[in-house]
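take this sequence and fold it.
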Amino acid sequence: IQEFVELQRSGKRMEAIAYARKNIVPIGTEYFDELKQAVALLAFESTTLCEPYASIFSKARWNDLIEQFKSDNYSLHGLTNEALLSILLKAGISSLKTQYCFNQEFHEINCPTCNEPFNSLAENLPFSLHVHSVL
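The predicted structure is shown next:
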């Protein structure tokens, strides 16, 4: 639909209509609400303040499309949005974290989860199944 929006924004209405007939109408039954909004764009100028059409014409919509593309690409290739280093760091901290890590009586100077900066990372992670600390 963004190609249709860009044609409409540049004032090429006839090209936008031809593009819609060729590319948007065939998928109309699946995305009927988006199709209705796209066709209604023909009645508005790109400078309109009428919502939801103003947000469709907005340049900020490109950021949403970029994020959607990234998300779809990650899921298509079985990747995660979170950095691999962050995932591995959280796994390591979680394996070291015990219930004693946040108790000041048992504070261990050599324990990474008892000290900053890992202590703040470990707060929301689950405890490991160690009954006694291995440090």
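
I'd like the average pLDDT over the helix or strand harbouring residue 88.
Assigned by DSSP states H and E, residue 88 belongs to helix 84-96. Averaging pLDDT along helix 84-96 gives 84.

quick check: next helix or strand after it?
Next along from helix 84-96, by DSSP H and E: helix 118-122.

output that following helix as CSV, restricted to C-alpha atoms.
Output of helix 118-122 as CSV, limited to C-alpha atoms (Å, rounded to 0.1, in the frame of the first residue of the first chain):
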residue,chain,number,x,y,z
PHE,A,118,25.5,-7.4,36.6
ASN,A,119,23.3,-7.1,39.7
SER,A,120,20.9,-4.7,37.9
LEU,A,121,20.8,-7.1,34.9
ALA,A,122,20.1,-10.1,37.2
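
how close does the most far-flung residue of the chain relative to its centre get to residue 25?
Distance from the C-alpha centroid of the chain peaks at residue 105, with 41.1 Å (C-alpha atoms, centre = their mean). Noted for residue 105: a distance of 70 Å to residue 25, by C-beta to C-beta, to the nearest Å. From N, CA and C alone the C-beta is placed, and that goes for glycine too.

same question, residue 115
Counting by C-beta to C-beta, the gap from residue 115 to residue 25 is 62 Å.

and if you look at residue 69?
From residue 69 to residue 25 the distance is 23 Å (C-beta to C-beta).

what about these two, which has more around it?
residue 25 (13 against 10; other C-beta atoms under 10 Å).

for the more buried one, give me its contacts.
The contact partners of residue 25, by C-beta atoms under 8 Å, 6 or more residues apart in numbering, come to residue 35.

pLDDT wise, what is it at?
71.

now residue 133
Listed pLDDT for residue 133 reads 58.

chain center to the helix ranked longest in the chain: distance?
Identified as the longest helix of the chain according to DSSP state H is helix 61-76. Chain-centre distance of helix 61-76: 7 Å, with C-alpha atoms, centre = their mean, to the nearest Å.
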